[in-house]
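Engineer: model the structure of this input:
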Amino acid sequence: MKLSLPFVKKPPLVAIVRLSGAIGMAGRASLNDTSLAPVLEKAFRKGKPAAVAIEVNSPGGSPVQSSLIGARIRRLADELDIPVYAFVEDVAASGGYWLAAAADEIWADDSSVLGSIGVISSGFGAHVLLARQGVERRVHTAGQSKSMLDPFAPEKKEDVARLKVLLDDIHANFIDHVKSRRAGKLDESADLFNGEVWLARRAQQLGLIDGVAHLKPKMQERFGDKVRFRRYGLRKAIWSRFGTAIVQDTVAGLEERAAFARFGL
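Structural biologist: Numbering: from 1, shown residues only. As a prediction, the model looks like this:
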């Protein structure tokens with residue numbers, strides 16, 4: 001039985017939220033704002049934490065979900081006046097770095113991969129295969145751009161130009177987020193927004209992170225050796241192990257694996 005004595009001050013509490021995986025993929029275990037909302041609410045509000053630490057290990061994914069999750073972290077941090085520290089594991093790239101940048105400070109392992117501040121759109125073209133098989137593609141639209149970048153039709157220059165505008169606008173949003181969150185820390189002479197990635201020491205020199213450190217010792221340094229930790233994270237429902245959920249999670253897992261593989265992981 002645990003005895004709780006009144007008027008005895010407890011050591012500071014640090015809530016830990018793990019953000020691991022691709023962002024916004026189809027699988028139930030992927031990171032998205034809807035599933036993370038209750039997790040983040042508990043982490044910031046339960047037990048009056050002195051700080052919230054987020055463990056980031058993500059190759060990126062949906063720019064919208066990255067923005068929504070990051071914005072939620074900032075709203076809770078500002079509303080409750082709680083500092084947020086990000087600790088990067090294998091990778092915080094693209095949307096993963098967006099999440100890390102939502103923290104007040106970013107720390108990483110020596111071998112962590114960071115950056116990829118850019119936007120990518122990928123697909124395939126199957127019109128030659130269809131033609132070889134004697135399959136005729138029939139598409140009827142109201143609106144000349146409705147079938148933009150149809151993978152079963154030859155690529156059109158005007159479609160690529162429209163897509164480039166969208167990608168550039170999303171890229172601008174990403175750059176604004178990083179500049180705002182890392183204001184006064186970034187190396188203004190370096191080209192930080194070309195999609196390149198760096199290891200932690202170089203990322204620190206560029207101002208993308210605050211230094212090399214691990215969660216427990218850094219939090220003990222800030223809040224004392226007796227600091228307490230409480231973990232929060234996504235839980236997989238039992239029914240998600242059956243039926244079509246298995247197929248969805250398998251496909252999402254393959255997509256996530258491919259995303260991590262882009263960074264040699």
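
Engineer: buried ones in the helix ranked longest in the chain?
Structural biologist: When the chain is parsed with DSSP state H, its longest helix is helix 157-181. For helix 157-181, a neighbour-count test (16 or more other Cβ atoms under 10 Å) marks 159, 170-171, 174, 177-178, 181 as buried. Yep, even glycine has a C-beta here, placed from its N, CA and C like the rest.

Engineer: C-terminal to it, what's the next element?
Structural biologist: strand 197-199 (DSSP states H and E).

Engineer: what packs against that next one?
Structural biologist: Helices and strands touching strand 197-199, by 3 or more Cβ pairs under 8 Å, 6 or more residues apart in numbering; DSSP states H and E, are strand 113-115.

Engineer: who are the packing partners of the strand it packs on?
Structural biologist: Contacts defined by 3+ Cβ pairs under 8 Å, 6+ apart place strand 113-115 against strand 84-93, helix 95-101, strand 197-199, helix 200-206.

Engineer: now it: mean pLDDT?
Structural biologist: Strand 113-115 comes out with an average pLDDT of 97.

Engineer: same check on stretch 50-67?
Structural biologist: When pLDDT is averaged along stretch 50-67, the result is 96.

Engineer: just the CA coordinates of it, formatted as PDB?
Structural biologist: Taking Å, rounded to 0.1, in the frame of the first residue of the first chain, the C-alpha atoms of stretch 50-67 are listed here in PDB:
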ATOM      1  CA  ALA A  50       6.800  20.200 -14.800                       C
ATOM      2  CA  ALA A  51       7.500  19.400 -18.400                       C
ATOM      3  CA  VAL A  52       6.400  17.300 -21.300                       C
ATOM      4  CA  ALA A  53       9.000  15.300 -23.200                       C
ATOM      5  CA  ILE A  54       8.200  14.000 -26.700                       C
ATOM      6  CA  GLU A  55      10.200  11.000 -28.100                       C
ATOM      7  CA  VAL A  56      10.300  11.500 -31.900                       C
ATOM      8  CA  ASN A  57      11.100   8.700 -34.300                       C
ATOM      9  CA  SER A  58       9.400   9.500 -37.600                       C
ATOM     10  CA  PRO A  59      10.400   9.700 -41.300                       C
ATOM     11  CA  GLY A  60       7.500  12.100 -41.900                       C
ATOM     12  CA  GLY A  61       4.200  11.700 -43.800                       C
ATOM     13  CA  SER A  62       1.100  13.900 -44.100                       C
ATOM     14  CA  PRO A  63       1.900  17.600 -43.800                       C
ATOM     15  CA  VAL A  64      -1.600  18.400 -42.600                       C
ATOM     16  CA  GLN A  65      -1.400  15.800 -39.800                       C
ATOM     17  CA  SER A  66       2.100  17.000 -38.900                       C
ATOM     18  CA  SER A  67       0.800  20.600 -38.600                       C
END
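
Engineer: how far off centre is it?
Structural biologist: In this view, stretch 50-67 has its centroid 4 Å away from the chain centroid, taken as Cα atoms, centre = their mean, to the nearest Å.

Engineer: how about that stretch: buried residues?
Structural biologist: Across stretch 50-67, burial judged by 16+ other Cβ under 10 Å covers 50-63, 65-67.

Engineer: likewise stretch 134-151?
Structural biologist: Quick answer for stretch 134-151 (16+ other Cβ under 10 Å): Asp150.

Engineer: and it, how far from the chain's centre?
Structural biologist: On Cα atoms, centre = their mean, the centre of stretch 134-151 falls 33 Å from the chain's centre.

Engineer: ditto for stretch 48-63
Structural biologist: The answer for stretch 48-63 is 8 Å, by Cα atoms, centre = their mean.
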